[in-house]
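Colleague: predicted model and sequence below, questions to follow.
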Amino acid sequence: MNRVFSICLPVALFASIAAAPLQAADIKAGKEKAELCVGCHGENGISQMENMPSLAGQLDQVIQWQLVYFRAGARKNEQMQPIVEQLNSEDIRNLGAYFASLPPPKPAEDKDPDLSKKGAQAAAGRRCAACHTDSYAGSKAAARLAGQREDYLAKALRDYKSGVRSGGGQAAMAEVAHPLSDEEIDALAHYLAYLK
């Protein structure tokens, strides 16, 4: 797919969602539609599956953008494709509102504070808080990272570094992730996963 097309198509699709007649998202309808998500993303959006993100407490706009990227084919995932094909723009709005309404995952006790300290240094050095906020709760289309699954965070960073992942902040994330060593990625993922 042409790179300009792969960037413009999701933006155009998201614009069509935003341009739809203004109506409040229906959280109850989002909860019903989220039954499609439970198998991978867990009950109440808390993932128990390796390399699968928790969606609970994720920002509404982040959920919507990522679903649009998957639906447009800008992000590819064989498990997501058949699901997003079933979603219309109203479903996407409702799912974003539903997952944003849930409390985020509560991290367990950090059993490796030294690794977290290294991760905090990597986060400061890469200025992660500039987009994801000082608490790493995210802002607008920049995802919530605090409390996310450690394995998923490490996978996402490696995917950005290798160029496998696209869609939403891809250029900024590739620039941040590219110079990270494997050790820094592991430390950063650990730090963010246990951040309370």
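Modeller: Nice, I can see it.

Colleague: check contacts around D112.
Modeller: H190 (CB atoms under 8 Å, 6 or more residues apart in numbering). Where C-beta positions appear, they are placed from N, C-alpha and C, glycine not excepted.

Colleague: can you do 10 Å?
Modeller: Counting by CB atoms under 10 Å, 6 or more residues apart in numbering, D112 touches 118-119, 187, 190-191, 194.

Colleague: which of those residues fall in helices?
Modeller: 118-119, 187, 190-191 (DSSP state H).

Colleague: residues contacting the spatially most central residue of the chain?
Modeller: Most central in the chain under CA atoms, centre = their mean is A143, positioned 5.2 Å from the mean C-alpha point. Residues in contact with A143 (CB under 10 Å, 6+ apart) are 53, 58-59, 61-63, 65-66, 131-132, 136-137, 153, 156, 168-169, 173.

Colleague: return the subset of the residues you listed lying in helices.
Modeller: Going by DSSP H, the helices hold 61-63, 65-66, 131-132, 153, 156, 173 from the contacts of A143.

Colleague: for M80, give me phi and psi.
Modeller: phi -80, psi -30 (degrees, to the nearest 10).

Colleague: which non-adjacent residue is nearest it?
Modeller: Leaving aside its sequence neighbours, M80 sits nearest to F70 (CB to CB, 6 or more residues apart in numbering; 4.7 Å).

Colleague: same question, K31
Modeller: Y98 (5.1 Å).

Colleague: just L95 next, same as before
Modeller: Using CB to CB, 6+ apart, the nearest residue to L95 is G30, at 4.9 Å.

Colleague: cool, and V176?
Modeller: R126 (4.9 Å).

Colleague: before we move on, the earlier item: show the pLDDT at the residue nearest to K31.
Modeller: Y98 is assigned 98 on the pLDDT scale.
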